[in-house]
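S.K.: here is my input; please provide its structure:
(chains A and B)
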Amino acid sequence: MAETADKPLSFQGLILTLHDYWAKQGCVILQPYDMRVGAGTFHPATTLRSLGPEAWNCAYVQPSRRPTDGRYGENPNRLQHYYQYQVIMKPSPPNLQELYLGSLMAIGIDPLLHDIRFVEDDWESPTLGAWGLGWEVWCDGMEVTQFTYFQQMGGFDCKPVAGELTYGLERLAMYIQGVDSVYDLRFNDAVGDRPAVTYGDVFLANEQQMSKWNFEVADTDSLLRGFEAAEAECQRSIDAGVPLAAYDQAIEASHLFNLLQARGVISVQERANYIGRVRDLAKGSCAAWMQVNGWAE
Amino acid sequence: MSDFLLELRCEEIPARMQAKASEDLARLFTERLSEAGLKAERITSYVTPRRLALIAHGLPLQTDAVSEEFKGPRTSAPEQALEGFLRKTGLTRDQLEDRDGVWFGTQEKPGRATADVLAEAIPAIIRAFPWPKSMRWGAMSTSTEMTRWVRPLQGIVALLGGNIVSCEVAGVLSGRTTLGHRFHSSGDVIISSPAAYAEELERAFVIVDQERRKQIIESRAKALAAEAGYELIEDAGLVAENAGLTEWPVPLLGHFDPAFLEVPPEVIQLTLRINQKYFVLRDKAGKLAPAFICTANIEAKDKGAAIVAGNGKVLAARLSDARFFWEQDKKTPLAVHAEKLSRITFHEKLGTVADKVERVAKLARWLVEEGIVGSGVPAKAGTQNGMTQSGSGLLPTQEHERAELADLAEQAARLAKADLVTEMVGEFPELQGLMGGYYAHAEGLPDAVADAIRDHYKPVGQGDDVPIAPVTVAVSLADKLDSLIHFFAVGERPSGSRDPFALRRAALGVISTIITNDIRLSLNKFFQIVLPEIGYMQGWQQAGKEFAALEAALEASLLSDEQKLKFIMDNPFNVQDLEQSELYRKTRDAAVAALQQFVDFCADRLKVQQKEAGVRHDLIDAVFALGGEDDLVRLLARVRALQGFIETPDGANLLAGYKRAANILKKEGVETQTVIPAEAGIQPPPTELDSRVRGNDGEYSAAAFSHSQTGEDNSGMPDQVRHDDLGYAPEPAEAALLAALDAAEPRAAAAIDAEDFEGAMAALATLRAPIDAFFESVIVNDPEPAKRSARLALLQRVRAAVHKVADFSKISG
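M.R.: Got it, this is the predicted structure:
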């Protein structure tokens, strides 16, 4: 932590520092994908690009939406919309752990002052038909990053394997800044007479309104129709040989399913069925992607 | 002689896998070397999160020369056969020798350099390593064929004495360089020799010996606790886990807000232990202390102040969540929580958890109402053969007590699973039961109910407490019996190492609960209660309208006889039609078969349990072989009595006499008759439902703990010898044995009826001297056929008498 001269990084300072760091490691710095997703892994730059033989190194911030995690802005740690910082390196470089630790130092975490640990945590995404082995990285007992070596994506073996890093940005920033509520995070620094704003200034209203919409307002009939439309469109796009477009529809279906769940209209029995349908879309898109690129065996 | 060091360095190995991996490495290494004829004097194994290592001490530098002889084709065989032989063995024609028309060749294998053997062994060991989960990584992972490891493999140190053993695996070249601590050491660490390995790494802040790291963690944690005025709650598993997460362990003590202590201590303990891997402390009064000990992997510049502060903060957030769950859960009564159980599937073929709760509640009530689980009325005094009729012979106050107890048992059973849908148990599944108990207390339910909810999963393993409170016993037994019988009925039986529903544990739990509480449960009677329900689960319900009335009847299966009768009057249906139905018969037969499997399974579990308790297994077999017993307590009383008897001189001699008699019978071809006793094996009731609804149970029965396929000669003796129909003057010893049998048989039978197995053994003991005398002076194989067959029949009678108590043929010695 920058205990020395400078004050700890602001939220945006954290993002800028990570961008700068990973750009220097040869990563393409992408912008967030322009669709509603539940995690950075859904970005096609991770899902689709982790397939196939070509080298691929990128980093990006991905706004992630988890409707059921909404707490109307009243819980200091839980949000229905938050940011993940995602790094993908394919093939996984031999020094990926060292590169990662370098990024922690870059954002002000001194590993001789703070206890950094790699604790077993394997990753599996039933909706993406994907799994990998890795760790959650602990900093003084707090999970700050998910570190995974992808073994399969969309049901296909990753050849070669990609390394994935997912930083929980709000949590990391809270740690660095030493605040107890996400809404108290310093989003930026004051410059002259232009004041600094907090995370709450930017997002509190969003959390309040979106929680209400997710849980109470969203029209379940149109969500359901949307799900079915996305499902059909995904299949049509797969058949038309445009897997990137098909994958967009898979993402859309996945998010609509999450919203339906938040609205409490999906029973336990139906849940597995919906997850299976989303997985079929994701896998189908991945298979078509492999096909059009000539990687299918 | 030389020492060999192997270090396999990789990214962080999961802590839980390290101990086994360390053993596997030593095992594979030893196996590989022994194939080459090499053996180390001893092996030292080390494991840290980032390396698996071993040092093989005292390896010879060469393997011994060996000569191997090969047998080839006949000299007359075609040329191709000989060529094939030469190709296969690598021998040349001039090395062959003609021995009696067959080619023989001897190959001299010179000793190999140990270094060469090792260079081949290392890659082979790595490729064959049995990690529970392994992965590919890096540029070589373009192929799925690449060598896998638990996490990316980064370095291999292989030194024989001071020399590198060269090899390459997964793109990694062996050498003498490794890395020290991730943060306290920079650059390569050069290992000069196996002997210097541990020390050279320790200078680089790595303690390779896991036992030393454990010691450091444990002793330092204890000291820190003492300094703070507390005591460490010891936890060997947690010590090992932290040793598996650190190469340079530094325990640190921190505090948390005492206000959190209002949350049940088990919750705090789990939060600390499972989520954070912290040690828990207690104060002088034995209460949980508001402090924790975490184990850092560094010697921090600020002595750990920042680490403790950071961990304290994470812990506070976790405990706030736990307190939130605790308060949130308490706002809803357990009965309301329980309503949500209908949304949780228990098993696809067994309905929801709510369905299970319904069954368990009925069964728990039944166990009490039948007097099987007592209300302070000692089971033995009030029951015969575990078949007491409900209410019979009880005083009005006892009757009242029993009714009250039945209500409590049913209430507890209905609430026992409610905590599964609470936030807290969602977060910590291992707190199931315990949280229900806390919530029951918090809402003011009777202690007996709260305790039963808390303890009904017990015993969960060997050494765990066995329930003794009647309400708890009723719920615990009902829960486990329900799971066992219904999982068996749908074919979910444990096999090999697969036991996903922990049925072995459940059966052992039932057995120890029954034994501990001296519970007289007739399994026959239990089956009569559950059989209709099993049929119901198995598909009677799918039979549709035809069985609408039956469904209702089954619903009523745990009602009293009067209620049943009234029900039948109100709901007339045609039993004959039902029995004609193939579906009905098929499912009923399947259910009966499942019950028999269940019984055999319980018998096996009981044997295991008894063997572990030190009971001679041949004696267990001897009693089990009798069959026809469906009461555990009575069965074990018999085993105990037998054990006591067989160790006395009378017992030993009777056994000898029995064996002699049995041998003669065997030699003479008078084999054990294959008479299957009426009660052996579960007999499908021909008119099962009929008999049920007429209140006439017992038409069919299950012989618990029997081996129905090996019938015994303990009944239906065709030609029993009586004194008066011999037709010749018996010799004195013969007459004495007949007299002794006449006296002993009724005594033994009466004693068995009274469950006085010692008495039965004593009656048998009176046979010992007459048997000895008989063999002393009487020739069985008399030339006179009448005498011979009478004497053989007499021996048969001896064998049958003994078999009333136990199958002595199973007893060794």
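S.K.: where's the residue of chain A found nearest chain B relative to residue A:56, distance?
M.R.: Closest residue of chain A to chain B, CB to the nearest CB: residue A:140 (2.8 Å). To be clear about C-beta, it is placed using only N, CA and C from the backbone, and glycine gets the same treatment. Going from residue A:140 to residue A:56 by CB to CB, to the nearest Å gives 33 Å.
S.K.: what is the burial count for residue A:172?
M.R.: Look at residue A:172: counted by other CB atoms under 10 Å in any protein chain shown, it has 24 neighbours.
S.K.: for residue A:74, same thing?
M.R.: Neighbours of residue A:74 using other CB under 10 Å come to 10.
S.K.: OK, now which residue of the stretch 51-200 of chain B is nearest to chain A?
M.R.: For the stretch 51-200 of chain B, CB to the nearest CB, closest residue to chain A: residue B:141, 4.1 Å.
S.K.: wait, doesn't that residue sit right on residue A:152?
M.R.: No. Checked against CB atoms under 8 Å, the pair residue B:141 and residue A:152 is beyond contact range at 11.7 Å.
S.K.: between these two, which is the more surrounded one?
M.R.: For residue B:141 versus residue A:152, neighbours defined as other CB under 10 Å are more numerous around residue B:141 (26 against 19).
S.K.: the more buried one in helix, strand or coil?
M.R.: Following DSSP: H, G, I helix; E, B strand; the rest coil, the label given to residue B:141 is helix.
S.K.: now it: how far from residue B:294?
M.R.: Distance from residue B:141 to residue B:294, by CB to CB: 36 Å.
S.K.: toward the C-terminus, what is the element adjacent to the longest helix along chain B?
M.R.: As assigned by DSSP state H, the longest helix anywhere in chain B is helix B:582-612. Using DSSP states H and E, the helix or strand that follows helix B:582-612 in sequence is helix B:617-624.
S.K.: ok and the longest helix of chain B relative to helix B:617-624, angle-wise?
M.R.: 150 degrees (axes from the mean of the first three to the mean of the last three CA atoms, to 10 degrees).
S.K.: mean confidence score for helix B:582-612?
M.R.: Mean pLDDT, computed over helix B:582-612, is 75.
S.K.: over to stretch A:165-175?
M.R.: Mean predicted confidence for stretch A:165-175 is 95.
S.K.: identify the residues contacting that stretch?
M.R.: Applying CB atoms under 8 Å, 6 or more residues apart in numbering or on different chains, the contact partners of stretch A:165-175 are A:9-11, A:14-15, A:18, A:39-41, A:61, A:77, A:79, A:82-87, A:96, A:100, A:107, A:139-140, A:142-148, A:180-182, A:185, A:199, B:310.
S.K.: for PyMOL, write a command that selects the buried ones of those.
M.R.: Restricted to buried positions by 16 or more other CB atoms under 10 Å in any protein chain shown, the PyMOL selection for the contacts of stretch A:165-175 reads:
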select buried, (chain A and resi 9+10+11+14+15+18+39+40+41+61+79+82+83+84+85+86+87+96+100+107+139+140+142+143+144+145+146+147+148+182+185+199) or (chain B and resi 310)
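S.K.: the contacts of stretch A:165-175 in helices, which ones?
M.R.: A:11, A:14-15, A:18, A:96, A:100, A:199, B:310.
S.K.: which residues are in contact with residue 243?
M.R.: In the absence of a named chain, chain A is used. A:48, A:237, A:285-286, A:288-289, A:291-292.
S.K.: hmm, I had chain B in mind actually
M.R.: Taking CB under 8 Å, 6+ apart as the test, what residue B:243 contacts is B:15, B:210, B:213-214, B:217, B:249.
S.K.: for the residues you listed, which one is nearest residue B:78?
M.R.: The closest of those to residue B:78 turns out to be residue B:210 (CB to CB; 61.9 Å).
S.K.: point out the residues in the stretch 151-300 of chain B that sit beside chain A.
M.R.: Residues of the stretch 151-300 of chain B lying close to chain A (CB under 8 Å from any CB of the partner chain) are B:151-152, B:154, B:182-184, B:245, B:276, B:278, B:294, B:296-298, B:300.
S.K.: in strands, which of those fall?
M.R.: Those of those mapping onto strands are B:154, B:294, B:296, per DSSP state E.
S.K.: residue B:170 is in contact with the first one, correct?
M.R.: No. Assessed by CB under 8 Å, residue B:154 is found out of contact with residue B:170, at 9.8 Å.
S.K.: list, one by one, the residues from the stretch 151-297 of chain A near chain B.
M.R.: Residues of the stretch 151-297 of chain A lying near chain B (CB under 8 Å from any CB): A:151, A:157-161, A:163, A:175, A:180, A:267-269.
S.K.: got the contact list for the closest residue to residue B:36 other than its chain neighbours?
M.R.: Among residues not flanking residue B:36 along the chain, residue B:117 sits closest, at 4.5 Å (CB to CB, 6 or more residues apart in numbering or on different chains). Residues in contact with residue B:117 (CB under 8 Å, 6+ apart) are B:33, B:36, B:38, B:63.
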